[in-house]
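> just a sequence and a predicted model for now, questions to come.
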Amino acid sequence: MEAIIQIKNLCKTYSNGTEALKGISLEIQSGQFFALLGPNGAGKSTLVKIITTLISKDSGEFYIQGSNTETNSLKIQKIIGVASQENEIDPAETVENLMVFQGRLFGMSKKEAIERAGWLIEAFGLTNVKSQKAGILSGGNKRRLHCALALVHNPKILFLDEPTVGMDPVARSEFWKIIKGLNIKGVTVFLTTQYLEEVDKHASAMSLISEGQILYSGTISNFKTMVNGGNNSSLEESYLQYLEIISKQ
């Protein structure tokens, strides 16, 4: 498989002196379902924000589909979809209007935007609230809307930063059906989450980051074998055991 995301020696230090990333290098393959795992404050969200062009890096380089983000940021923004932790949605607009407007921003005709919005509204279980203003939606529906907005323009790469926080079990199940369906069709998924059972069920590859450094990159099955010798442990069990091991080193 061809690497669709290449990250080389990426570093980021915030103005307060916090070293968020300390020379991160990663490759994510085209069509892969990849998960970036790590404790809170490990650098996951910082890495996602940098490679989705939301904040700047200090040093290093990264490429998306072979394009350098410093010279091709507009091209990259057209092929990625981003559902960040923050529900940054205009509270005064309705669900349907937001969806259509997003489509128009990405160059769709009005007809195309309405059709795409209608499909996503139904797929994400938002039909009953499509005429409601985003500001009065429940937390779970805001998350669904936020994720749906990331998919309006049919991105080739989908970044999901803690996407199912606040969703009830039914909504989470339906959400993953949609994402898995897209992944099967070739969409690359880059996920960060603390719900390790979701990673265990859906992802194939992972990296583990702690204190701004990558500690492991590879398949999930190899990670389990490395930690527990292949004794059928869950990813969560292996993850917790591994973090305990490194904390004692």
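Nice, thanks for sending it over. Numbering: from 1, shown residues only.

> OK, contacts around residue 148?
99, 120-121, 123-124, 126 (CB atoms under 8 Å, 6 or more residues apart in numbering). C-betas here are computed from N, CA, C, even on glycine.

> most neighbours, which of those residues?
residue 99 (27 neighbours; other CB atoms under 10 Å).

> any idea what the most centrally placed residue in the chain is bridged to?
Geometric centre of the chain, nearest residue: residue 160, 1.9 Å, by CA atoms, centre = their mean. Taking DSSP bridges as the rule, residue 160 bridges to residue 83, residue 191.

> show me what the longest helix seen in the chain is packed against.
Across the chain, the longest stretch assigned as helix under DSSP state H is helix 169-184. Where contact means 3 or more CB pairs under 8 Å, 6 or more residues apart in numbering; DSSP states H and E, helix 169-184 is packed against helix 139-149, strand 157-161, strand 188-192, helix 196-202.

> how about JSON lines for these, with mean pLDDT and distance to residue 48 added?
Converted to JSON lines, these look like this (pLDDT from 0 to 100; distance: least, CB to CB, whole Å):
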{"stretch": "helix 139-149", "mean pLDDT": "90", "distance to residue 48": "14"}
{"stretch": "strand 157-161", "mean pLDDT": "94", "distance to residue 48": "5"}
{"stretch": "strand 188-192", "mean pLDDT": "96", "distance to residue 48": "6"}
{"stretch": "helix 196-202", "mean pLDDT": "94", "distance to residue 48": "15"}
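
> which of the ones you listed sits closest to residue 244?
Shortest distance between residue 244 and the helices and strands packed on helix 169-184, using CB to CB, is found for helix 196-202: 14.8 Å.

> against which helices or strands is the closest one packed?
Helix 196-202 packs on strand 33-37, helix 169-184, strand 188-192, helix 235-247, going by 3+ CB pairs under 8 Å, 6+ apart.

> list the buried ones in it?
196, 198-200, 202 (16 or more other CB atoms under 10 Å).

> tell me the one among those residues nearest to residue 233.
residue 200 (10.1 Å).

> can you tell me which residues contact that closest one?
220, 234-236.

> filter the residues you listed down to the buried ones.
Applying 16+ other CB under 10 Å to the contacts of residue 200 flags 220, 235 as buried.

> out of the contacts of residue 200, which is nearest to residue 107?
Distances from residue 107 to the contacts of residue 200, taken by CB to CB, are shortest for residue 220, at 37.2 Å.

> wait, the closest one touches residue 199, no?
Yes: between residue 220 and residue 199 a contact is recorded at 7.1 Å, counting by CB atoms under 8 Å.

> who touches both of those two?
With CB under 8 Å, 6+ apart as the test, residue 220 and residue 199 both reach 35, 206, 235.

> what sits against the last one?
Looking back up the chat, that one is residue 235. By CB under 8 Å, 6+ apart, the neighbours of residue 235 are 196-197, 199-200, 220, 223-224.

> among the residues you listed, which pair sits farthest apart?
197 and 223 (14.9 Å).
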